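>>> Below are the sequence and a predicted model for it; my questions follow.
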Amino acid sequence: MKTSLLFNETNCSGCHACEVACKQEHGLGVGPRVVRVIERAPFFKPLYCHHCDDAPCVTACWEDAITTDPDTGVVLHDPEKCNGCNAVPGKTGADKQDTSPCMVQCPAHNNVQGYVSLASRGKFREAIQLIKETSPFPSVCGRACPHPCEAGCNREQVDEPLAIRSVERFLADWDRMSGSPYTPTIKEARDEKVAIIGSGPAGLTAAYFLAREGYKVTVFEKLPVAGGMMAVGIPEFRLPKDVLSAEIKMIQDMGVEIQTGVTFGTDVTLESLKQDGYQAVFLATGLHANIRLGVDNEDVSGVLRGVDLLRDVSLGNEVSVGNKVIVVGGGSVAVDVAMTSLRKGAQEVTMVCLEERDEMPAWEDEIEAALEEGVEIVNCFGPNCFLQEDDQFSGIEFKRCTCVFDEDGCFNPQYDETDLTELGGDMVIVAIGQFADLSFAEKQGIPVTSAGGLQADPVTLETPIKGVFAGGDVCYGPGTIAEAIGSGREAAVSIDRYLKGQDLRLGRLGRDKVLRAITHPQIETYDPSARGQKPRLDPRERVASFDEIQQGFTEEMAVQEGKRCIMCGASCVQSCPYDVMQFDHETSKAVKCDLCIDKRGREEAPACTTICPTRCIFWGDPEAFPTAVEVAR
Amino acid sequence: MEEVKKIRTVCRSCHGGCGVFAHVKDGRVIKVEGDPDSPISHGAMCTKGLSITQLAYHPDRVLYPMKKANGGWERISWDEALDTCAERFNEVIEKYGPEGIVIGQGTGRDYESHFSRFGNLLGTPNVLTAGHMCYLSRIGASLITCGSLPACDYENNPKCIVMWGCNPLWTNPDEYKGVKFWRAYEQGAKMICVDPRRSLYAEKADVWLQIRPGTDAAMVLGFFNVIIEEKLYDEEFVEQYINGWDPFVERVRKDYPLERVEQITWVDQELIRKAARLYATTKPAGIHWGVTTEQTLNATDYTRGAIGLMAATGNLDVPGGNVLHVPPPTRKVSEFSAYRQLSPEQREKRLGGDQYKLAGRMTICTPKPVWDAILTGKPYPVKAGYLVGTNPLLTRANAREVRKALSSLDFLVVSDFFMTPTAELAHMFLPAGTWLEQNHVSENWKFHGYVLARQKVVEIGECWQDHKIFMEMGKRMGQQWWDTVEDALEWILEPTGVTWEEFKKLGYLHGEQRYRKYEEEGFRTPTGKVELYSTVLEKWGRDPLPKYTELAEGPFSAPELAKKYPYVLNAGLRTPTFFHSANRQIPWLREIRPDPLMELHPETAEEHGIKEGDWVWIESPRGRIKQRAKLNDGIDPRVIAAEHGWWYPEIKSPDHGWDISNINILTDNSPESTDPVMGSTSLRVLFCNISRCEDEEEK
C-alpha cells in the first residue's frame, strides 16, 4: 500500500502553480512538463504521475530504467539506464513525444512498440502484462486481427514492416501455456453493479476493465456460449475454442459473471436491471442479422446465410452443405464460409463477389489461404436472380458489376444488365454483411440512429438514457475485433467516471487528445533483416479438419522479430494512461515525476503538492495541508 | 560554495502578500517556496510569484539608470539620473507650478506610502493610479458608507460565501489568498457564485447566477427586493444602525421588482430569489469582493448596495461575516504620505476633481481629465510625468489617446523592470527592484488586519527598491525624508513597539481583532450609521441612494449601435499567469499561455466560422485587435471575454506590438461611460463585434 497519494481532480482551478513549482524545483526551462494542467473551458484537469500500482511505464521499459520504489510505491526513472528507446542524441527525439504509428493505427491503441521491444529482450511476462493494460484478448487479436498496426510500421523505411501480429500471438500463447496466465490485480472492491449486454469483444473488454476497477460486473449473453462473434463468427481453424475460452476464463477469474442464454428485452430489461441494483448498463449486442440480397427465389431450399452457417458449425449444430457450393460475398465472413464449407464436405466451392480481386474486403492472407484450399473466386459479378428447380436452389444468374464504389468511395455498385452469366450449384451461402437486430431497443425506447445503430456519443458512448452506454458494432456498424476492444475500454472509462460522478469528456481521445503518428524515425542505425514468417498447414491435409491452419512463432522467432523494431517512439511515453510521461529532446531521454524523492527526500512533500491552493494533489495526511510526508507502510 | 540560506519574506508579484521562503545561494536566489505559516497564503503560491527568479534574472531586465539619447537608450549613473529628474521637474514647477507634473503608479509594488508622500511634498494633486477602477474605488465607496472596507471573515468560517465576480485561487487576493476561502468551502459552507462564466466556483456553488456583465448593482437591488418582501433582514440592526432604510425600501420596491431585475441581469428571477434567501438566512454569511464590479459606471452604487446587504442581514462586523478588521497600530499611509502638506489651493487644482469627488477624496485623479490637460493645456498645462511600475499604454482605457498624451509630455520618467511600451516613450528610465530586493512593512494599507515583513533577499545590478528612489529623488528636490529606507520603516513601526529587526524575525503583526465595534463606537460615517442613504453623496449633489444605471454601451441605452456591435465585450479576462501587462517575457509563464485568448460560446464561434485557436478580430467603436479563440460553452453566447494587458516583449521594435492584441485599444473612457463620482471605467461592458482573421499571419 502506498502512502496517501490523493487526487481531487474535480477541485483543480487551473492555476498552474503546480507546473511552475515543479519546473522550479527541478531547474527546468521551457520544455517537458511532468506535471501539467490541461485546459478546456470551462474545466481544467491536472495531469501528474499517479505512481500507479503495476505502472504501465515500469512494465513498458525494456531497459529497466523505470522502477517502483519498494518502500514508498513511488515510480522512479533512472536517466542513467534510460537510452530514450534507442534515441541518438541530437539526431532523433524530435517527435518521440508523439506515438509510434503501430499504436496509432491499432484500433485498441495497444502499446505495440512496448511489447515488441520487451519480447526482443525475452521479457515475455512483462510484454503480455503490457498488452493486457489495453486488451484482454491478445490470443484472439494475435490470430484474427487484420493487423492495421503493421500497415503503418516505420520499419518499412528500412525493409519490411514487423510481423506484429505473430509476436502478439506468440506472447499470448506463451502466457497461456505458462500455467499461470497473467491476470491483472483488482483494485479495491466497489459496491456498484454494472450490467453488460452482449459477451462479444466490446462487452467482455468493458467487463474486464470494470472488474479491474473493482466493480461487480454481470454479462448477459443471448447465445448459449460466451464470446459473441469471436465464438460463433470466427471458425475454429482460425481461432481454436480452447484459446478463446482461456481468455474468457481470465475475465471470469476476475469476478465477472457471465450469464448465457439470457435475451435482453425479454429475459432482462433496462427496468429490471435497474430494479436489480445495476447502476450502469453497457449495450454491446453486435451485428447478428444477415443482410438479404433482395433477389427472386432468395427463400428457396438450399439458400443459407453466412453467419447462420458459422454459428451453427461453432455451436455444434447439425450442418450439411451441398456438393457444389456458391458463396456470395467477398469479405472475411464469405472466405470463412467458403473454407468452412470445404471442411463440411463440399466438393467444389466458388466465391462470387462484386469487387475486383484487389478490392475485396477480405484480408489478403485469408484469400490466399482459401485459394490454396481450392476455393475458386469469381470477381465482378452480382446476383441477378436465384434459379430454382422444384423449390430447390439450382444456380444463380449473375450480372456483370462494372463499378463497386462511386467517386466518394461509397458502396454504390453499377451493373451491365446485358452481360449475364449463369452458375449452377446445389447450395448458395449469402455472406454480404450483417446488421443489428434492434427489436429490443424499440420496445424499451432506446434511441436508434438513421443508420440503424444505437445512438451514442462518439467520445463517451453515452446514450440519451442516463447511465446507459452503448458501443461496439451495434453503434458504428461492422468493425474489427480490435475496434470493439477499444470501444469496450472507452465504455469502461465512461462508466467508471459516471459512477464516480466525474466529468465524462475531460482529457479523452477524440475530444482533448489526439494521437499523432511519428513519421520521421531515426533509421540509420538499423541494418536490413528479413521479416519473420511461419507457414500454414498443408492445404490438402488441413481441409480435412478444423485444426488451426496458421502456425505460431517460436521463442527465437519472436525475440528476433522484436529486435527488428526500430523503436520510433518512446515506450514509456505512450504507455502512460495519464499523459504525464514526457520526452526531453535536449537529453534524448524520458523524464517523469519522482515526487521530488531525489530533491527533497522522503519526509518532505513534493513542491507541486505544497503549492496547490485546493489540494488537488497531496501525499501524506489527507486532513492536513501538505508540508511533510508520513512514510507509513 | 555557500550553503543555501532560506530567507522569509513576502511576495509582491501581484497585489497580494503571500508568504515566501527565498532560497539564496552564492548571493543568488535559486528558488522560492510558499511559507506554510503565512496568515495570508498558508503555504500556497501562484505561478507569478513562483516565477520571480525568471523575472529578477531575466536577460532583458534593465539593471541600470538609462537616458534617451540619440534616439536610443544610454546607461548613466544614479546621480546623473536623479539630478536630471530634479532639474527638469524644477523647471516645470517654476514655469507651470507643481500641478504641471503628473505622477502615476500602477497596481504598485507596495510603495503607495512613499509614492503619495513624494507627490504631496512635490505639491501636485495630479496623481494617477489604477484606483479609480480597482480597489480604491471599493475602499472609497466603503468609507462613505460604513467607515472602512469590510472583508470576508474566513478566520471564522462563514456558513455561506458569495463569490461575487472573483477568482482568488488565480488572481489578486487583496485580503486573502484563495486557500482560506477553499478551507471554508471544504468545511461545508454554502456557496453562491455570481459570474458570467461557468467556473470552478460556479460548478461547486449551490446557486450560480450567470449575470449579464456589468449589471451587479441591479442584482444587489434584486437581492434586496426578496429580502425586503420576505422580511429576511435583521430588524434590530436595520432600526438602529442603518441610515435611510425607509426611502431605500421604497426605491427598491418601486424601481426594482424582480421582473425588471431579471430583464436587466439576464438571470431567472427564481434563481435570484433562491440566492437571496440562501444568503439572508444562512448565518454567518460573507461576500468575497472581486474587482469586476468596480469596472463599470455602477462601481460606487454596487459597492454601497453590497455593504447594505451585509448590514441589513446582520452580517456586518460579526465573526464569519464581513468584518472591519483592526489593523496593528503602525503609522498608516495617510500619516506617512503627509497629505496635510498638500495645500488646499493645490488640492483644488486636482484635474477632474470637481466631477469625481470620491476619487478626489481618495487623493487620486481619474485618467481622462489628465490626458485632456496634457493634450489641450486646459484647464492648465501638464508638461512632465513620472510613472512608476505602470504601463498605461496597455492598462488604461482608450489606449490610443493615452499614447498620444504621454508622447506629448516634455519630460517623462518611467521606473520599471523592463522596457515596456510605456517606458519606451520616456526620456529617463529608473531601474526598480523586485520584491526580492525590497525591505518594507508590507500591506500597511490593506484591510485584513496584518502587516507583513518583506525583507531584502538580494541586490541585483544597480536596481533600487522604489522607496529608495522616491526618497533620493525627493531629497534632491528639497523634500523631507529619512536617511535610509530602514529608518522610515522604524518610524512606521514605532507605535507598535517593535523594531524593524524584531519585525523581520516575527514575520508579521496582527491587529487585535474585535467584532461588533459599532455597538460601542458606531460606524465612522457622518451619522455614525451604515449610510445606505449617503449624506456625503447628498452633499455632493449626487443621488444618495444606491441605484442601477444602464450601461452606456448596452442594448437598452444604444439600440442602434448595438446592431453594429451585437456582443457584450468583457475586456478583463484574467489569466493564471500574468499580472495585468506584466510577465509576458517570463518563459515558464509564456509557455503556459503563449497567446492572448478571447473566449466565446461555440455557437457564436460557429456563426462566424471561428474554430478553437483561430485568430479573431475584436472590434469596438474605438478600433480593432486580434486574439486567439478559445471556445467555452460556459459563457453566454452574447458575451465575448477577452484577456487584457497583452504586448509582445519578443517584438524588439520600441512599440513591442503594443496595439496588436491590446484590449484597451477598444475600451472607452468617455465621461458618460464612467462612474460619476469615482470615474471608474466600464471595462467589462463594451460593445463589440468579431470576425475571423483571414490572413494567416500570426500577429
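Done, it's in. Numbering: from 1, shown residues only, chains lettered A, B, ... in the order given.

>>> tell me the SS of residue 217?
You didn't pick a chain, so chain A it is. What DSSP: H, G, I helix; E, B strand; the rest coil gives for A:Val217 is strand.

>>> that's the other chain; I wanted chain B
helix.

>>> So which elements touch the helix or strand hosting B:Glu401?
Assigned by DSSP states H and E, B:Glu401 belongs to helix B:399-407. When contacts are defined as 3 or more Cβ pairs under 8 Å, 6 or more residues apart in numbering or on different chains; DSSP states H and E, helix B:399-407 sits against helix B:367-376, helix B:392-395. All C-beta atoms are positioned from the backbone trio N, CA, C, and that covers glycine.

>>> Can you give me the buried ones in that helix?
For helix B:399-407, burial by neighbour count (16 or more other Cβ atoms under 10 Å in any protein chain shown) applies to B:399, B:401-403, B:405-406.

>>> Tell me which helix or strand comes right after it.
strand B:411-416.

>>> now that following strand against helix B:399-407, angle please.
Counting by axes from the mean of the first three to the mean of the last three Cα atoms, to 10 degrees, strand B:411-416 lies at 120 degrees to helix B:399-407.

>>> Alpha carbons of strand B:411-416, as PDB, please.
Provided in PDB are the C-alpha atoms of strand B:411-416 (Å, rounded to 0.1, in the frame of the first residue of the first chain):
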ATOM      1  CA  PHE B 411       9.700  65.100 -19.800                       C
ATOM      2  CA  LEU B 412       8.600  61.600 -18.800                       C
ATOM      3  CA  VAL B 413      10.400  59.400 -16.300                       C
ATOM      4  CA  VAL B 414       9.500  55.700 -16.000                       C
ATOM      5  CA  SER B 415      10.600  53.400 -13.400                       C
ATOM      6  CA  ASP B 416      10.200  49.700 -14.100                       C
END
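
>>> And that strand, what does it pack against?
helix B:78-96, strand B:384-388, strand B:428-431.

>>> Quick one: closest of the ones you listed to B:Ala552.
Closest to B:Ala552 of those is strand B:384-388 (Cβ to Cβ; 27.8 Å).

>>> Comparing the helices and strands packed on helix B:399-407, which comes out most buried?
With neighbours taken as mean count of other Cβ atoms under 10 Å in any protein chain shown, the helices and strands packed on helix B:399-407 reach their highest mean count in helix B:392-395, at a mean of 26.

>>> For that helix, C-alpha coordinates in CSV please.
Taking Å, rounded to 0.1, in the frame of the first residue of the first chain, the C-alpha atoms of helix B:392-395 are listed here in CSV:
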residue,chain,number,x,y,z
PRO,B,392,-0.9,52.7,-19.1
LEU,B,393,-0.5,52.1,-22.8
LEU,B,394,-1.7,48.7,-22.1
THR,B,395,-3.8,49.1,-18.9
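
>>> Where does the prediction get shaky in the stretch 101-250 of chain B?
B:173 (pLDDT under 70).

>>> can you give me the helices for it?
With DSSP state H, counting those that start in this stretch, the ranges of helices along the stretch 101-250 of chain B come out as B:112-122, B:136-146, B:178-186, B:200-204, B:216-229, B:235-241, B:245-255.

>>> now those as JSON lines including mean neighbour count?
Output for those, formatted as JSON lines (neighbours: other Cβ atoms under 10 Å in any protein chain shown):
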{"stretch": "helix B:112-122", "mean neighbour count": "24"}
{"stretch": "helix B:136-146", "mean neighbour count": "25"}
{"stretch": "helix B:178-186", "mean neighbour count": "23"}
{"stretch": "helix B:200-204", "mean neighbour count": "20"}
{"stretch": "helix B:216-229", "mean neighbour count": "26"}
{"stretch": "helix B:235-241", "mean neighbour count": "15"}
{"stretch": "helix B:245-255", "mean neighbour count": "16"}
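
>>> Using TSV, lay out the ones you listed together with distance to chain A.
Listed next are those as TSV, based on distance: least, Cβ to the nearest Cβ, whole Å:
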stretch	distance to chain A
helix B:112-122	26
helix B:136-146	23
helix B:178-186	5
helix B:200-204	5
helix B:216-229	20
helix B:235-241	34
helix B:245-255	33
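
>>> For chain A, which of the helices and strands packed on helix B:399-407 is the nearest?
With Cβ to the nearest Cβ as the criterion, chain A lies closest to helix B:392-395 of the helices and strands packed on helix B:399-407, at 22.0 Å.

>>> what's the closest one packed up against?
Applying 3+ Cβ pairs under 8 Å, 6+ apart, we find helix B:392-395 packed against helix B:399-407.

>>> Throw the helices and strands packed on helix B:399-407 into TSV and include distance to A:Pro528 and mean pLDDT, thanks.
Formatted as TSV, the helices and strands packed on helix B:399-407 follow (distance: least, Cβ to Cβ, whole Å; pLDDT from 0 to 100):
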stretch	distance to A:Pro528	mean pLDDT
helix B:367-376	73	98
helix B:392-395	60	97
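
>>> what about the helices of the stretch 101-250 of chain B, which gets the closest to A:Gln392?
helix B:200-204 (69.3 Å).

>>> Please put the alpha-carbon coordinates of the closest one into CSV.
Output in CSV follows, covering the C-alpha atoms of helix B:200-204 (Å, rounded to 0.1, in the frame of the first residue of the first chain):
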residue,chain,number,x,y,z
LEU,B,200,-14.9,26.1,-10.7
TYR,B,201,-16.9,28.2,-8.3
ALA,B,202,-20.0,28.0,-10.4
GLU,B,203,-19.6,24.3,-10.5
LYS,B,204,-19.3,24.0,-6.8
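
>>> Show me what that helix is packed up against.
strand B:190-194.

>>> wait, A:Ile38 sits on A:Arg505?
No. A:Ile38 lies out of contact with A:Arg505 (Cβ atoms under 8 Å); the separation is 11.9 Å.

>>> Pull up the overlap in contacts between those two.
By the contact definition Cβ atoms under 8 Å, 6 or more residues apart in numbering or on different chains, A:Ile38 and A:Arg505 are jointly contacted by A:Asp512.

>>> Could you dump the helices of the stretch 101-250 of chain B into JSON lines with distance to A:Asn317 added?
Below are the helices of the stretch 101-250 of chain B laid out as JSON lines (distance: least, Cβ to Cβ, whole Å):
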{"stretch": "helix B:112-122", "distance to A:Asn317": "90"}
{"stretch": "helix B:136-146", "distance to A:Asn317": "82"}
{"stretch": "helix B:178-186", "distance to A:Asn317": "63"}
{"stretch": "helix B:200-204", "distance to A:Asn317": "56"}
{"stretch": "helix B:216-229", "distance to A:Asn317": "73"}
{"stretch": "helix B:235-241", "distance to A:Asn317": "86"}
{"stretch": "helix B:245-255", "distance to A:Asn317": "82"}
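
>>> picking up where we left off before, looking at the helices and strands packed on helix B:399-407, which is nearest to A:Val194?
The nearest among the helices and strands packed on helix B:399-407, by Cβ to Cβ, is helix B:392-395 at 54.5 Å.

>>> Just say helix, strand or coil for B:Asn689.
strand.

>>> give the contact list for it.
By Cβ under 8 Å, 6+ apart, the contact list for B:Asn689 reads B:564-567, B:618-620.
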